[in-house]
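Peer 1: Sharing a sequence plus its predicted fold:
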Protein chains: 2
Amino acid sequence: MSELRQDPTTNDWVVFAVERAKRPQHMADKVHHKELPERDESCPFCPGNESRTPEEVYMYPHFAKVSDWQVRVVPNAFPALAMKGGIERREDGPFSHSMDAFGAHEVIIEAPSHNVPMALMSYDQVEQILRAYLNRYIRLGRSRSLKYITIFKNQGPVAGTSLAHPHSQLIATPVASPNYRRNFEFAVKYYDDMGRCLYCDLFLDEREKGVRVVTETKHFFVFHPYASHSPYETWIAPLEHCASFACVKVEEITELAKVLKDTLFSIYQALDNPDFNYMVLTSTTDDTNDPYYHWHIRIIPRLTTIAGFELGSGMSINTVFPEDTAKFMRELANKPEGA
Amino acid sequence: MSELRQDPTTNDWVVFAVERAKRPQHMADKVHHKELPERDESCPFCPGNESRTPEEVYMYPHFAKVSDWQVRVVPNAFPALAMKGGIERREDGPFSHSMDAFGAHEVIIEAPSHNVPMALMSYDQVEQILRAYLNRYIRLGRSRSLKYITIFKNQGPVAGTSLAHPHSQLIATPVASPNYRRNFEFAVKYYDDMGRCLYCDLFLDEREKGVRVVTETKHFFVFHPYASHSPYETWIAPLEHCASFACVKVEEITELAKVLKDTLFSIYQALDNPDFNYMVLTSTTDDTNDPYYHWHIRIIPRLTTIAGFELGSGMSINTVFPEDTAKFMRELANKPEGA
């Protein structure tokens, strides 16, 4: 039976039209994955081509010789924002507020190898990627002018990538993101009412119910949310309250790497290496220690197209219940492979 | 120079990264448009195949013989919502609110011809499509259980369509859309402060400035908004205050058809027949006569991909200023063709 479900973090309603999954071409046409070489002479991210990107701002191992790195972070050669100008607002009448495109836009080159997606990397490699995220997050977060840092990954053309070499990106803006602002206001209201973090309570509730849980480790919790906006939307969240990604403890990173890699591998298996995005959702840099928000990673396999209804209404149409997809993922996780 | 601009209808910031337009593959790869036949035997929307869709709920001419129609509206054969059940909310704990997927999902088959996009249709044909929209909007709006009606068009695979035959859709939901709810709250606050409709004031300001105006007719106004979320985002708005699409007067429909067709034809020419969405954005059916919102049509050519940054932050990255695109469209409009 189809139904509408209300997202408990925004009050937005999501349409679950599960019969609609039966219509012809209900899923985005599978993009043919080209066989990639291990190294591509023309790829600016491949070892040996370091001179074709701006100079790195982070590298692992930290004192690696050129072309001997494991993870490398460079400024985006075509940045959406840059550390030029300031954060003063300009006003050209009441309806025209602007400011400099001040910020940072970096590329995290995830590995030397051109053709191994994160789902198939070693735990150690994924751990080094997360350490690079954390290092850059904390370093940029020290700037009082950068208010919000989005770390994200676009894998595959449907998910918006133009370069095949495994990489993620970081964009730091001088303003809070609209999504964060909405989630924050909503969570503050809950905190006013209940005296607790909305997300902490939501996660407790999901763990008690169990039907949408994929897995749980000592510090992290993986589940498919009640009002998932698209099929197989997956959240990886810390069990302990923490508003900002900056408060991940170094000893938790090893565990998070294992959880992330296992989750991506399950999705790779279940959906045949789909295009996907993931985003590290966190508080503003001003709100690192606040009691309201709760950082997490959100993974969105791009199986459906965002069309006129979604753009116009802001509503999502999902074609499968998270209880069913979470169950499928739990069963898959019981047949370990890879890594 | 790149900059950030604040959307005056939401306060969301948009990144204008105009240098980014120079990067390789900055625009979504052009989808190859297949040559289509005028009639396709296998198409359920082509004349002669009427039995392959559910029975029509509207037809023009109103008493046309089978296969002799000019516009035909049918329930979607794979509906996201249907008139089954009711609108009572169910609660399975504080974080699990649901209701029946009650609503309507209809397809407006825009013309008998399989291969003529709306940009190339006659003014009369577009007028009959708009009359069908208005008829269905008003008819469904009479139901007290349907609160919000989104009329939209997905043209081309990138914009989410799976059938080539020219068509639009209508989805009626028992709840207000999230986008409307946010716009409404924002507009109510402006009305509280200023005693006037935010959109009326915004349109006056844009008409005075002129740089983002594409054209203006007796009752309608076409412009590219100051904080356009994507290249060539175009709004068609009534000059006179009106919250709901339901208050378009019948005598204005002829004029609106001309404005819509001319606008789509300009986009067709300027961007080489791009995939696009348009949406009729309107108030809830409860708020038809309110002084806050202001209905309009929003056209979004799908030239960029919605990727991890956009999904995570809710921010948009645009690569061209609306002043430049509006100027280009004004110049194009001075060389009339088509129709």
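Peer 2: Right, received. Where do you want to start?
Peer 1: excluding its backbone neighbours, what's nearest the residue in the stretch 51-200 of chain A that chain B sits nearest to?
Peer 2: Residue nearest to chain B within the stretch 51-200 of chain A: A:Gly160 (2.6 Å; Cβ to the nearest Cβ). (C-beta placed from N, C-alpha, C; glycine too.) Computed as Cβ to Cβ, 6 or more residues apart in numbering or on different chains, the closest residue to A:Gly160 that is not its neighbour in sequence is B:Ala307, at 2.6 Å.
Peer 1: My read is that that neighbour contacts A:Thr161, right?
Peer 2: Yes: here B:Ala307 reaches A:Thr161: they are 7.4 Å apart, a contact under Cβ atoms under 8 Å.
Peer 1: Now the common contact residues for those two.
Peer 2: Both B:Ala307 and A:Thr161 are contacted by A:Asn154, under the criterion Cβ atoms under 8 Å, 6 or more residues apart in numbering or on different chains.
Peer 1: picking that back up, neighbours of the residue nearest to A:Gly160, just the number please.
Peer 2: When neighbours are counted by other Cβ atoms under 10 Å in any protein chain shown, B:Ala307 registers 22.
Peer 1: for it, what are its contacts?
Peer 2: A:Phe152, A:Asn154, A:Ala159, A:Gly160, A:Thr161, A:Asn277 are the contacts of B:Ala307 under Cβ under 8 Å, 6+ apart.
Peer 1: and if you look at A:Tyr268?
Peer 2: By Cβ under 8 Å, 6+ apart, A:Tyr268 lies in contact with A:Pro117, A:Ala119, A:Leu120, A:Pro274.
Peer 1: Over to A:Ala111?
Peer 2: Counted by Cβ under 8 Å, 6+ apart, A:Ala111 has contacts A:Gln70, A:Val71, A:Met121, A:Gln125, A:Ile129, A:Pro166.
Peer 1: Just the buried residues out of the residues you listed, in ChimeraX syntax.
Peer 2: Typed into ChimeraX, the next command selects the buried ones out of the contacts of A:Ala111 (criterion: 16 or more other Cβ atoms under 10 Å in any protein chain shown):
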select /A:70,71,121,125,129,166
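Peer 1: Let me know the helix or strand that A:His196 is in.
Peer 2: Small correction: residue A:196 is Arg, not His. Using DSSP states H and E, A:Arg196 falls within no helix or strand.
Peer 1: Quick check: it vs A:Glu185, distance?
Peer 2: 17 Å (Cβ to Cβ, to the nearest Å).
Peer 1: Please say which of these two ends up with more neighbours.
Peer 2: More crowded of A:Arg196 and A:Glu185, by other Cβ under 10 Å: A:Arg196, with 14 against 11.
Peer 1: May I have the residues that are in contact with that one?
Peer 2: A:Tyr190.
Peer 1: do the same with the one 5 residues further on
Peer 2: Counting by Cβ under 8 Å, 6+ apart, A:Asp201 touches A:Tyr190, A:Met194, B:Pro94, B:Phe95.
Peer 1: same thing with A:Leu202?
Peer 2: Listed by Cβ under 8 Å, 6+ apart, the contact set of A:Leu202 reads A:Pro8, A:Thr9, B:Phe95.
Peer 1: that's a strand at the second one, yeah?
Peer 2: No: secondary structure assignment (DSSP: H, G, I helix; E, B strand; the rest coil) places A:Thr9 in coil, not in a strand.
Peer 1: how about the closest residue to it other than its chain neighbours, secondary structure?
Peer 2: Spatially, and ignoring its direct neighbours in sequence, A:Thr9 is nearest to A:Asn183 (5.9 Å; Cβ to Cβ, 6+ apart). Judged by three-state DSSP, the three-state class of A:Asn183 is helix.
Peer 1: Am I right that A:Asn183 is in contact with A:His296?
Peer 2: No: A:Asn183 is not in contact with A:His296 according to Cβ under 8 Å; the separation is 10.7 Å.
Peer 1: between those two, what contacts are shared?
Peer 2: A:Leu281.
Peer 1: Show me the residue sitting in the middle of chain A in space.
Peer 2: Chain A has A:Met279 as the residue nearest its centroid, 1.5 Å off, counting by Cα atoms, centre = their mean.
Peer 1: Now do the contacts for that one.
Peer 2: Contacts of A:Met279 (Cβ under 8 Å, 6+ apart): A:Thr150, A:Ile151, A:Phe152, A:Lys153, A:Ile297, A:Arg298, A:Ile300, B:Gly308, B:Phe309, B:Leu311, B:Gly312, B:Ser313.
Peer 1: Could you report the pLDDT at the first one?
Peer 2: pLDDT, A:Thr150: 98.
Peer 1: Share the number of residues neighbouring it, please.
Peer 2: 24.
Peer 1: Verify the assumption that it is located in a strand.
Peer 2: Yes: counting by three-state DSSP, A:Thr150 is part of a strand.
Peer 1: what's it in contact with, if anything?
Peer 2: A:Thr150 touches A:Leu170, A:Ile171, A:Ala172, A:Thr173, A:Ser177, A:Met279, A:Val280, B:Gly308, B:Phe309, B:Gly312, B:Ser313, counting by Cβ under 8 Å, 6+ apart.
Peer 1: Distance of it relative to A:Tyr60?
Peer 2: Applying Cβ to Cβ, the value for A:Thr150 to A:Tyr60 is 22 Å.
Peer 1: what's downstream of the helix or strand hosting A:Phe221, the next helix or strand?
Peer 2: Using DSSP H and E, A:Phe221 sits in strand A:220-223. Using DSSP H and E, the next helix or strand after strand A:220-223 towards the C-terminus is strand A:234-238.
Peer 1: Is that following strand positioned near chain B?
Peer 2: No: Strand A:234-238 is not in contact with chain B by Cβ under 8 Å from any Cβ of the partner chain; minimum separation 12.5 Å.
Peer 1: In chain A, where's the longest helix?
Peer 2: Assignment by DSSP state H gives helix A:250-270 as the longest helix of chain A.
Peer 1: tell me the angle of the helix or strand immediately after it in the chain relative to strand A:234-238?
Peer 2: Per DSSP H and E, helix A:250-270 leads on to strand A:276-281 as the next helix or strand towards the C-terminus. Using axes from the mean of the first three to the mean of the last three Cα atoms, to 10 degrees, one finds that strand A:276-281 and strand A:234-238 are set 30 degrees apart in direction.
Peer 1: Would you pull up the residue in the stretch 201-339 of chain A closest to chain B?
Peer 2: Closest approach between the stretch 201-339 of chain A and chain B, counting by Cβ to the nearest Cβ: A:Ala307, at 2.6 Å.
Peer 1: Quick check, pLDDT for that residue.
Peer 2: In this model, A:Ala307 is scored at 97, pLDDT.
Peer 1: likewise A:Ala21?
Peer 2: The model's pLDDT for A:Ala21 equals 68.
Peer 1: what's the answer for the one 10 residues further on, then?
Peer 2: pLDDT, the model's per-residue confidence, is 52 for A:Val31.
Peer 1: do the same with A:Lys335
Peer 2: At A:Lys335, pLDDT is 70.
Peer 1: Please identify which helix or strand holds it.
Peer 2: Here A:Lys335 is assigned to no helix or strand, by DSSP H and E.
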